[in-house]
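Trainee: next comes the sequence, and after it the predicted model I'd like to discuss.
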Amino acid sequence: MEYKLPIGVNIDLETGVIPGAKKLVRRLSNLKGYFQDEDAYNELLKEDPVVYEVYAVEQEEKDGDLNFATTVLYPGKVGKEFFFTKGHFHAKADRAEIYYGIKGKGGMLLQTPEGKAEWIPMGPGTVVYVPPYWAHRTVNTSDEPFIFLAIYPADAGHDYGSIAEKGFSKLVIEENGEVKVIDNPRWKE
Ligand SMILES: O=P(O)(O)OC[C@H]1O[C@](O)(CO)[C@@H](O)[C@@H]1O
Ligand SMILES: [Fe+2]
């Protein structure tokens, strides 16, 4: 039997960087169709800001193994809507996940396949358990980068399809200087 070697790394708690991890950058142009306000989207697209970066340490997609990744979700808004990650179901839909808040403030939107949504505020030290079958998206509701760690089964995979098409049934917006979680007017079941 060939054994894999253990890994020990220190996450930079200020920047979210995991040394040696694979870096993925998602700009606004990678999120076409995700935000409600298309005019605001097209205006901001001129700058095409980085919305989030992911530092991932991933294994082969095998049952029993684990991946981990930090995400640095930058502050910003498209119209009233706060910057967010794409959000996904797992390709193996029954795979769960754990998130851990490192720095900054935001939250997670979770949703069942039928569209029942939950909002969990997150800050440094918050642990979120994402149960099997729930889609999940993180949102930065502050004006600082929101940094968190995710730990997920190596065979979970990502299913972006239905969220890319229909979004979440709730939106996280700023109105009169307050963070509000409202019904998505464009949501169709
Ligand atoms: O994959 P998304 O929805 O773009 O969100 C990015 C974050 O979610 C994960 O896919 C884990 O759920 C990580 O790779 C990363 O932390
Ligand atoms: Fe996930």
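Mentor: On my side now, so go ahead. Ligands and ions are numbered 1, 2, ... in the order given.

Trainee: low-confidence ranges, this structure, go.
Mentor: 189 (pLDDT under 70).

Trainee: who in it is up against ligand 1?
Mentor: Residues of the chain lying near ligand 1 by C-beta under 6 Å from any ligand atom: V54, A56, A69, T71, T85, K86, G87, H88, E97, A150, Y152, H158. For the C-beta atoms, the positions are set from N, CA and C on the backbone; glycine is no exception.

Trainee: in helices, which of these appear?
Mentor: Among the residues of the chain next to ligand 1, no member falls in helices (DSSP state H).

Trainee: now the buried members of these.
Mentor: Buried subset of the residues of the chain next to ligand 1 (neighbour count, 16 or more other C-beta atoms under 10 Å): V54, A56, A69, T71, T85, G87, H88, E97, A150, Y152.

Trainee: how distant is the helix ranked longest in the chain from the center of its chain?
Mentor: When the chain is scanned for its longest helix (criterion: DSSP H), the result is helix 38-45. The chain centre lies 21 Å from the centre of helix 38-45; the measure is C-alpha atoms, centre = their mean, to the nearest Å.

Trainee: kindly report the same for stretch 118-126.
Mentor: 12 Å.

Trainee: buried set for the longest helix of the chain?
Mentor: Buried residues in helix 38-45, counted by 16+ other C-beta under 10 Å: Y41, L44.

Trainee: from here on, count from 781
Mentor: In the new numbering, first residue 781, that becomes helix 818-825.

Trainee: circling back: need the max-distance pair from the residues of the chain next to ligand 1.
Mentor: Distance extremes for the residues of the chain next to ligand 1: the farthest pair is A836 and G867 at 16.5 Å, using C-beta to C-beta.

Trainee: so what touches the strand or helix carrying T918?
Mentor: Using DSSP states H and E, the element containing T918 is strand 915-920. For strand 915-920, the surrounding residues in contact (C-beta atoms under 8 Å, 6 or more residues apart in numbering) are 851, 853-856, 862-869, 877, 879, 884-893, 902, 910, 926, 928, 942-943, 948, 952.
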